[in-house]
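Undergrad: structure for the following, please:
(one chain, ligands or ions: 1)
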Amino acid sequence: MREQPPLIEADRLSVDVPGRGLPFLRRAPLSILAEVSLTVRPGEIVCLIGESGSGKTTFGRALLGLVRPSSGRIEVDGVPLPDFSARSFRALRRQAALLFQDPVSSFNPRQRIGAMMAEPRAIAGVGSTRLADIVALAGQVGLSERFLARFPHALSGGQARRAAVARALSVTPRLIVADEPTAGLDVSVQGGVLNLFLDIREQHDTAFLLITHNLSVVRHIADRIVILYLGRVVESGRADDVLRAPRHPYTRALLDSEPVPDPTRRRAEPPVIGEVPSIARRPAGCEFHTRCPRAQPRCRSEAPVLADEAGGRQVACHFPLPGAVSIPAPGRRMAKS
Ligand SMILES: Nc1ncnc2c1ncn2[C@@H]1O[C@H](COP(=O)(O)OP(=O)(O)OP(=O)(O)O)[C@@H](O)[C@H]1O
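TA: Numbering: from 1, shown residues only. This is a model prediction of the structure:
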């Protein structure tokens, strides 16, 4: 049987912005995303992780055309977008929805929640905007009918997040890109939002690209993980594999930065040193070498390539951590990156 093409595939997607400096001098462009490749298959949950400033939000926006990519390619169901024009992305956005980091700021403060949920259907001219159907839509995200008459400011953080999900779902997207979907929520409410995503996937085979730096989100929900550092992919692979045996020292450092439940547990590696460098002053060689506890002279001069490994794993490191050889797990929905 032929393998299904990915729902969406970004191939070496880059985003450059004009550099800062005096306007009459020539300003070198700043590279925010550097040749990031990532695929999401139907029904797959991919988590894009990295520290603040690593380019996660820019990638999510570039994928949906809210930031214009400078180069690269995007394919939907194996068919490349002809170009990065607004028209091409409009067609893509009929199949995909973006959940913003701060849902309330994306709501019209004077629009009631019910009208807000119905609006995408009215604009797209698909689906019913009858009250009974909007009540059913709200029910899918666990909001009762009484919420429909409320204004956004009257919702709690968790309710606002659910309302935003309902609005996204109203036109049954095949892909939801969610930027920090649990930021600012209590842990118990976070679990509710993530379980809602799993239910939606179960019911509609919706795929998710979750942008987060919260590793507990990743542990709860991810099929596959892609790790960004300074706008580049440094490691990717099946969530179980990467979480169990990270290959890149940066991934190891991210995992080590999680609170340790057992204070007697020793860290296997020395911790990562210092701050993230500025994208305006990218280090030569491996861009992580200035913070890497394993750096060798070669790392200072030679940039590693993102190399394929067994089990759909990729890592960009001259001296990766030893890892178990990946064997495709039977029954797992997704395998390839
Ligand atoms: N239009 C722009 N002009 C200049 N720099 C920008 C622009 N947009 C983003 N950046 C820079 O690009 C980098 C990546 O930003 P981005 O918001 O994508 O990162 P992030 O990983 O999502 O961070 P966070 O978790 O804090 O949202 C940051 O250093 C940011 O300051």
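
Undergrad: point out where the stretch 201-337 of the chain drops to low pLDDT.
TA: Judged by pLDDT under 70, the stretch 201-337 of the chain has its weakly predicted residues at 259-273, 324-337.

Undergrad: where along it do the helices fall?
TA: Counting by DSSP state H, counting those that start in this stretch, the stretch 201-337 of the chain has these helices, from start to end: 215-221, 239-244, 249-256, 297-301.

Undergrad: with distance to the ligand and mean neighbour count added, can I get those in CSV?
TA: Backbone N, C-alpha and C define where each C-beta goes, glycine included. Below are the helices of the stretch 201-337 of the chain laid out as CSV (distance: least, Cβ to the nearest ligand atom, whole Å; neighbours: other Cβ atoms under 10 Å):
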stretch, distance to the ligand, mean neighbour count
helix 215-221, 13, 19
helix 239-244, 18, 19
helix 249-256, 12, 22
helix 297-301, 22, 14
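
Undergrad: kindly present those helices as CSV, with separate columns for distance to Q111.
TA: Formatted as CSV, these follow (distance: least, Cβ to Cβ, whole Å):
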stretch, distance to Q111
helix 215-221, 29
helix 239-244, 37
helix 249-256, 39
helix 297-301, 53
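
Undergrad: distance check, A316 against G237.
TA: In this view, A316 and G237 are 12 Å apart by Cβ to Cβ, to the nearest Å.

Undergrad: what do you get for E180?
TA: Using Cβ to Cβ, one gets 22 Å for the distance from E180 to G237.

Undergrad: more crowded one of A316 and G237?
TA: Set A316 next to G237 and count neighbours by other Cβ atoms under 10 Å: G237 wins out with 26 against 23.

Undergrad: bridging residues for the closest residue to the more buried one other than its chain neighbours?
TA: Leaving aside its sequence neighbours, G237 sits nearest to R313 (Cβ to Cβ, 6 or more residues apart in numbering; 3.7 Å). Listed beta-bridge partners, R313: E309 (assigned using DSSP bridges).

Undergrad: how about the contacts made by R313?
TA: By Cβ atoms under 8 Å, 6 or more residues apart in numbering, R313 lies in contact with 235-238, 241-242, 247, 323, 326, 337.

Undergrad: before we move on, what about R94?
TA: 124, 171.

Undergrad: show me the residue of the stretch 201-337 of the chain that gets nearest to the ligand, please.
TA: I279 (5.1 Å; Cβ to the nearest ligand atom).

Undergrad: report how many residues lie close to that residue.
TA: So I279, with other Cβ under 10 Å, has 19 neighbours.

Undergrad: interface residues of the stretch 1-150 of the chain facing the ligand?
TA: Residues of the stretch 1-150 of the chain lying close to the ligand (Cβ under 6 Å from any ligand atom) are 17, 30, 32, 50, 52-58.

Undergrad: what helix or strand is A164 on?
TA: Counting by DSSP states H and E, the element that carries A164 is helix 157-169.

Undergrad: after that helix, which helix or strand is next?
TA: Where DSSP H and E defines the elements, the next helix or strand beyond helix 157-169 is strand 175-179.

Undergrad: got a list of contacts for that next one?
TA: Strand 175-179 is contacted by residues 7-8, 40, 56-57, 60, 63-64, 95-101, 165, 168, 197, 200, 206-211 when judged by Cβ under 8 Å, 6+ apart.

Undergrad: pull the contacting residues for P29.
TA: 16-19, 70.

Undergrad: L198 now?
TA: Applying Cβ under 8 Å, 6+ apart, the residues contacting L198 are I221.

Undergrad: backbone dihedrals for it, both of them.
TA: Note on L198: backbone dihedrals following degrees, to the nearest 10 are phi -60, psi -40.

Undergrad: ok, now R174?
TA: phi -90, psi -20.

Undergrad: setting the sequence-adjacent residues aside, check what's closest to it.
TA: Q95 (4.8 Å).
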